[in-house]
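> the sequence isn't on hand, but the structure is:
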């Protein structure tokens with residue numbers, strides 16, 4: 001490259017010219033800059049509002065902002081899908097503020113998937129309106145879990161623009177919609193910000209919440225227009241239509257300027273003389289590598305966000321980066337911090353201010369900062385492990401160079417020890433050249449739809465036309481048979497004594513929240529849903545909060561408490577589970593000779609049986625047994641069977657069946673996110689050389705949510721693409737007998753034993769060959 005880019009120069013400083021570091025860089029490419037295209041302010045805007053935007057530094061809107069604003073003002077539902085930092089907020093602020101100024105009764109509602117984004121957007125609007133005569137009556141106000149009760153009462157009575165999230169909309173507004181009747185009667189606009197975030201179980205719940213809200217607003221006399229925004233949403237008009245149940249139009253041509261962006265793919269090398277589970281080689285962890293890059297970039301003065309997949313990963317990365325800086329640049333230690341969900345409200349707000357003001361140079365974060373919080377002037381983004389979807393990768397990557405004037409930036413994807421990460425850093429076209437995935441939702445899932453039907457019926461009588469639109473006839477019949485719905489002349493009502501709203505956790509959690517408490521101070525450290533508690537805060541688990549380590553002493557699911565004490569061990573923990581599967585129904589089947597691929601409904605019974613303690617180097621210290629209660633999940637799976645003869649034909653003898661199938665299952669779980677909008681922690685699997693329901697060697701990959709979430713359906717639909725990529729990932733891994741980058745799983749209940757990498761490649765290869773014959 002004759003003219004080094006900003007990104008290549010910054011990365012070069014971190015690599016320090018060593019051969020070892022250069023070998024970690026598997027790919028680097030540059031996305032060219034782009035000039036802006038402007039439009040004039042719409043002639044229906046008030047002069048005062050135009051002046052407010054101009055005074056804030058926006059002389060003219062970009063053409064996509066003006067186009068989306070025109071459509072929304074014309075009462076058309078609009079899906080605006082343009083890149084990060086393309087000013088999507090302005091596109092909805094124009095019609096909303098114009099309408100609020102012209103019609104003194106009109107109201108608006110803004111919906112975001114995270115509190116951080118909602119807080120940032122209300123700050124933006126408040127700043128725009130501050131001190132301007134004639135704007136004070138607009139009264140934008142937050143209404144979420146962090147809002148004081150007194151402010152909630154004031155907002156309900158006086159605010160004309162409510163900023164909330166789907167959780168509070170469901171439990172705090174729709175459940176008491178009669179108190180919001182004036183607001184809904186005059187509701188003009190609904191903003192669904194970062195709409196791509198609504199996928200899987202969360203997306204299915206949110207779709208039904210939005211559709212319930214629209215029916216309440218219309219019953220009250222309102223006729224709101226919905227504006228959906230996203231930087232990374234495939235088929236945006238169709239996606240928004242699925243969410244709200246009504247037709248939408250799309251605006252997708254991005255007219256904003258963009259600086260040059262360098263994208264690097266980075267695979268940590270193996271650690272010398274260090275072995276992991278069952279003697280497997282161990283790579284430097286993505287967290288440790290990310291922490292080193294973060295510290296290096298901070299030393300170079302580059303404002304950097306470092307995304308990690310888990311709350312624990314965020315805390316460890318921030319702590320390690322601060323440790324490295326204490327040795328090389330101690331004056332910068334306090335300018336690096338962690339930010340994640342689960343912090344208390346005051347802590348989150350303090351960190352958000354420090355990030356926005358530039359007091360922090362480096363921040364390790366979960367996807368809590370993936371969305372459109374306005375953090376201007378970022379130079380670099382480190383993505384510590386593929387975030388599960390192409391959409392999320394570009395959403396995180398787009399945080400770099402985020403400012404109205406174009407700025408050059410660097411994005412580094414650091415691969416985890418994971419089959420999908422291994423595949424992507426060696427097949428960059430599968431990441432950088434692949435279109436954004438379509439969002440996967442299934443609001444007809446009876447486990448999701450049924451509770452929302454009860455909510456809808458408790459809000460307003462449920463009419464036959466609505467039941468038909470929701471494809472809910474069977475579910476309504478079952479609810480009626482269970483005595484939960486009653487038919488009357490005006491429609492369906494909930495039975496007396498049924499209060500359904502509190503029974504729904506729209507984030508997909510199971511059975512409420514568990515509080516994590518420090519027993520030495522009685523401080524509340526955070527929360528976790530009880531469905532995940534047994535695998536994350538079991539006795540002996542390491543829990544990290546704001547850089548401090550705690551070890552869990554006791555988990556009480558009845559009282560919803562995990563009690564922990566401060567401790568600084570040199571190890572981490574990971575739970576181990578066992579799984580059994582029973583097939584309850586075959587939805588669809590494809591027979592390819594001695595291979596059968598099927599989509600099935602299953603009952604999955606799993607139990608946490610212990611945990612591993614692993615040194616920070618990756619070396620396993622020991623295994624500890626636990627006796628935890630079993631849980632059963634009714635869900636959906638994609639499965640395949642092969643006859644013993646087919647396996648022996650390719651050299652996998654009977655004695656190798658368990659290890660070959662087990663390794664193939666692990667790798668397939670790791671690669672399913674390539675074709676479905678999911679995370680490997682959203683899915684599970686089981687392999688057996690003789691399953692009682694099939695009588696054959698069988699592999700299952702199932703959705704980790706009650707009733708399914710659509711992930712197994714996508715795996716079944718794209719089986720050939722999925723399995724071919726899995727074969728390529730395992731084949732290209734440089735280890736000899738298997739490692740976490742190909743066939744080992746971080747959540748294997750059998751301690752990753754037995755695993756047969758060579759046998760897995762043969763299994764996957766014969767799957768590809770035999771499935772290609774399916775007509």
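Structure received. For clarity, every value in this text was computed on a predicted model and none was experimentally measured.
> SS state for residue 302?
coil (DSSP: H, G, I helix; E, B strand; the rest coil).
> shouldn't it be in contact with residue 10?
Yes: with contact defined as Cβ atoms under 8 Å, residue 302 reaches residue 10; the gap is 5.7 Å. The way it works is simple: take the backbone N, C-alpha and C, and place the C-beta from them, glycine included.
> the two: who's more crowded?
residue 10 (26 against 22; other Cβ atoms under 10 Å).
> quick check: which element contains the more buried one?
Here residue 10 sits within helix 6-15, counting by DSSP states H and E.
> list of residues touching that helix?
1, 4, 21-22, 25, 28, 30, 260-264, 292-293, 296-297, 300, 302, 379-380, 408-412 (Cβ atoms under 8 Å, 6 or more residues apart in numbering).
> now the closest residue in space to residue 728 that isn't next to it in sequence: how far from residue 616?
Nearest residue to residue 728, sequence neighbours excluded (Cβ to Cβ, 6 or more residues apart in numbering): residue 423, at 6.4 Å. Distance check for residue 423 against residue 616: by Cβ to Cβ, to the nearest Å, it reads 26 Å.
> of those two, which one has the most company?
Neighbour count, other Cβ under 10 Å: between residue 423 and residue 616, residue 423 has more, with 26 against 14.
> using the three-state scheme, assign that one.
Secondary structure assignment for residue 423 (three-state DSSP): helix.
> residues in contact with it?
By Cβ under 8 Å, 6+ apart, the contact list for residue 423 reads 430, 671, 674, 725, 728, 729, 732.
> also residue 543?
Residues near residue 543 by Cβ under 8 Å, 6+ apart: 312, 516, 525, 536, 537, 549, 550, 551, 552, 562, 564.
> could you rerun that using 6 Å?
550, 564 (Cβ atoms under 6 Å, 6 or more residues apart in numbering).
> hey, what's it bridged with?
Residue 543 has these beta-bridge partners by DSSP bridges: residue 550.
> and it, how far from residue 240?
Applying Cβ to Cβ to residue 543 and residue 240 gives a distance of 38 Å.
> also residue 646?
45 Å.
> before we move on, what about residue 9?
Distance from residue 9 to residue 240, by Cβ to Cβ: 41 Å.
> residue 459 now?
Residue 459 is 23 Å from residue 240, by Cβ to Cβ.
> repeat that for residue 643.
46 Å.
> quick one, which of those two is more surrounded?
Taking neighbours as other Cβ under 10 Å, residue 643 and residue 240 compare with residue 240 leading, 30 against 14.
> list the contacts of the more buried one.
Counted by Cβ under 6 Å, 6+ apart, residue 240 has contacts 79, 228, 248.
> now, which of the residues you listed lie within strands?
Using DSSP state E, the members of those that fall in strands are 79, 228.
> just give me the neighbour total for residue 72.
If we define neighbours as other Cβ under 10 Å, then residue 72 has 27 of them.
> can you pull the contacts of the closest residue to residue 733 other than its chain neighbours?
Leaving aside its sequence neighbours, residue 733 sits nearest to residue 742 (Cβ to Cβ, 6+ apart; 3.8 Å). Counting by Cβ under 6 Å, 6+ apart, residue 742 makes contact with 419, 730, 733.
> what is the nearest of those to residue 762?
residue 730 (10.5 Å; Cβ to Cβ).
> compute the number of surrounding residues for the closest one.
By other Cβ under 10 Å, 30 other residues sit near residue 730.
> relative to residue 419, how far out is it?
Residue 730 is 7 Å from residue 419, by Cβ to Cβ.
> so what's in contact with the two at the same time?
667, 742.
> chain center to the helix holding residue 10: distance?
Offset of helix 6-15 from its chain centre (Cα atoms, centre = their mean, to the nearest Å): 29 Å.
> could you pull up the mean pLDDT of that helix?
The pLDDT scores in helix 6-15 average 75.
> same deal with stretch 720-727?
Stretch 720-727 comes out at a mean pLDDT of 96.
> residues of it that come out buried?
722, 723, 724, 725, 726, 727 (16 or more other Cβ atoms under 10 Å).
> try stretch 253-267
254-267.
> before we move on, back to that, secondary structure added to the contacts of residue 423, as JSON lines?
Shown next, in JSON lines, are the contacts of residue 423 (three-state DSSP):
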{"residue": "430", "secondary structure": "helix"}
{"residue": "671", "secondary structure": "helix"}
{"residue": "674", "secondary structure": "helix"}
{"residue": "725", "secondary structure": "helix"}
{"residue": "728", "secondary structure": "helix"}
{"residue": "729", "secondary structure": "helix"}
{"residue": "732", "secondary structure": "helix"}
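> so which of those is the closest to residue 574?
residue 671 (20.6 Å).
> now do the same contact list for the closest one.
Counted by Cβ under 6 Å, 6+ apart, residue 671 has contacts 419, 420, 725, 726.
> which residues does the third one contact?
Taking Cβ under 6 Å, 6+ apart as the criterion, residue 725 is in contact with 423, 671, 674.
> distance check, it against residue 368.
For residue 725 relative to residue 368 (Cβ to Cβ), the value is 29 Å.
> please apply the same query to the second one.
From residue 420 over to residue 368 the distance is 22 Å, taken as Cβ to Cβ.
> who has more neighbours, those two?
The residue with more neighbours, out of residue 420 and residue 368, is residue 420; 27 against 22, by other Cβ under 10 Å.
> isn't that one right up against residue 670?
Yes: using Cβ atoms under 6 Å, residue 420 makes contact with residue 670 at a distance of 5.0 Å.
> what pLDDT is listed against residue 139?
For residue 139, pLDDT reads 85.
> follow-up on the earlier one: nearest to residue 217, of the contacts of residue 725?
residue 674 (39.4 Å).
> nearest residue to that closest one other than its sequence neighbours?
residue 725 (5.4 Å).
> any idea how far residue 65 is from that neighbour?
38 Å.
> closest one of the buried residues of stretch 253-267 to residue 488?
Closest to residue 488, out of all of the buried residues of stretch 253-267 and judged by Cβ to Cβ, is residue 254, at 51.3 Å.
> got the contact list for the closest one?
Taking Cβ under 6 Å, 6+ apart, one finds 64, 82, 83, 86 in contact with residue 254.
> would you confirm that the third one belongs to a strand?
No: using three-state DSSP, the secondary structure at residue 83 is coil, not a strand.
> which residues of the stretch 301-450 of the chain fall in helices?
Along the stretch 301-450 of the chain, counting by DSSP state H, counting those that start in this stretch, helices occupy 311-328, 345-357, 390-397, 419-426, 429-432, 446-459.
> which residues touch the first one?
Spelled out, it's helix 311-328. The contact list for helix 311-328 (Cβ under 6 Å, 6+ apart) reads 287, 290-291, 294-295, 306, 308, 332-333, 336, 338, 340, 342, 364, 366, 544, 547.
> just the buried residues out of the residues you listed, in ChimeraX syntax.
Filtering the contacts of helix 311-328 down to the buried ones (16+ other Cβ under 10 Å) takes a single ChimeraX command:
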select :287,290,291,294,295,306,308,332,333,336,338,340,342,364,366,544
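> among the contacts of helix 311-328, which are in strands?
306, 308, 336, 338, 364, 544.
> residues in contact with residue 420?
Residue 420 touches 386, 670, 671, 673, counting by Cβ under 6 Å, 6+ apart.
> tell me where the stretch 651-775 of the chain has helices.
657-671, 711-717, 719-732, 757-771.
> can you lay out the ones you listed as CSV showing distance to residue 132?
Converted to CSV, those look like this (distance: least, Cβ to Cβ, whole Å):
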stretch, distance to residue 132
helix 657-671, 53
helix 711-717, 48
helix 719-732, 54
helix 757-771, 63
